[in-house]
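1. can't give you the sequence, but here's the structure:
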């Protein structure tokens, strides 16, 4: 945003199932999660937040979900899409990846190719005036084989402030002064010349194809 980019957040599910509070209802939690998402986005300068409204915890990468994401892509017309890696099922022996994360990533990648840029893939969208959009790249979060690590040292405090807006989701999990977030960012920046990093698996569609990197021990690139 600081460099002039316009960012749109897209939330596929409504967050209505993410609480064990006996006083909470699904309807109320969905309302809170939407408000928190808007507040979090505002902290980092994002003013457009889209809510697809699928039920939390029940998401599947169906053809319907895929089409809704294609429709959103063609309407917003992004250059780059950032989503979760659907192949990541767990991290070490401490965390099992939420099935909604995997389903959202699976549906989004299927929406990217062939849905977003293939003209005849969704003729009904053409009737709505939604023409194909050509992306320059896809960035996968929560990936176990990143090829790009971004230096986020200048923005780590803003990231923590933004995450802290998700009160019903993170609670006190961020740790004192965002210690958990800082620790994860330091882990991502291992072997990098900076302290805090964000790691991604990046696919570039705007560059000529090159053979895969021959040396698996070669350092990751910096963005």
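-> Nice, I can see it. Here the structure is a predicted model, which means the values were calculated and not measured.
2. residue 198 looks like it's in a strand, true?
-> Yes: the assignment for residue 198 (DSSP: H, G, I helix; E, B strand; the rest coil) places it in a strand.
3. thinking it is in contact with residue 154, fair?
-> No: under the criterion of Cβ atoms under 8 Å, residue 198 lies out of contact with residue 154, with a separation of 11.8 Å. Backbone N, C-alpha and C define where each C-beta goes, glycine included.
4. now do the helix or strand hosting residue 42: which elements does it pack against?
-> Here residue 42 sits within helix 26-43, counting by DSSP states H and E. Judged by 3 or more Cβ pairs under 8 Å, 6 or more residues apart in numbering; DSSP states H and E, the packing partners of helix 26-43 are strand 8-13, strand 48-54, helix 156-164, helix 167-170.
5. so how far is residue 110 from the residue nearest the centre of the chain?
-> Ranked by distance to the mean C-alpha position of the chain (Cα atoms, centre = their mean), the top residue is residue 83 at 3.6 Å. Using Cβ to Cβ, to the nearest Å, one gets 11 Å for the distance from residue 83 to residue 110.
6. got the buried residues for stretch 163-176?
-> 163, 164, 165, 166, 168, 169, 174 (16 or more other Cβ atoms under 10 Å).
7. repeat for stretch 49-68
-> By 16+ other Cβ under 10 Å, the buried positions in stretch 49-68 come out as 49, 51, 52, 54, 56, 59, 61, 65, 66, 67, 68.
8. who's in contact with that stretch?
-> Outside stretch 49-68, the residues that touch it by Cβ atoms under 8 Å, 6 or more residues apart in numbering are 8-18, 30, 34, 37-38, 41, 69, 72, 76, 86, 99-100, 103-104, 106-107, 110-111, 115, 122, 125.
9. same deal with stretch 198-211?
-> Against stretch 198-211 from outside (Cβ under 8 Å, 6+ apart): 82, 85, 134-141, 143, 145-150, 152, 185, 188, 220, 223.
10. likewise for stretch 141-160?
-> Contacts of stretch 141-160 from elsewhere in the structure, counted by Cβ under 8 Å, 6+ apart, are 43-44, 82-85, 88, 91, 97, 101, 139, 174, 177-178, 181-182, 185, 188-189, 192, 194-202, 213, 220-223.
11. check the residues you listed for burial and list the buried ones.
-> 44, 82-85, 88, 97, 101, 139, 174, 178, 181-182, 185, 188-189, 192, 196-202, 220.
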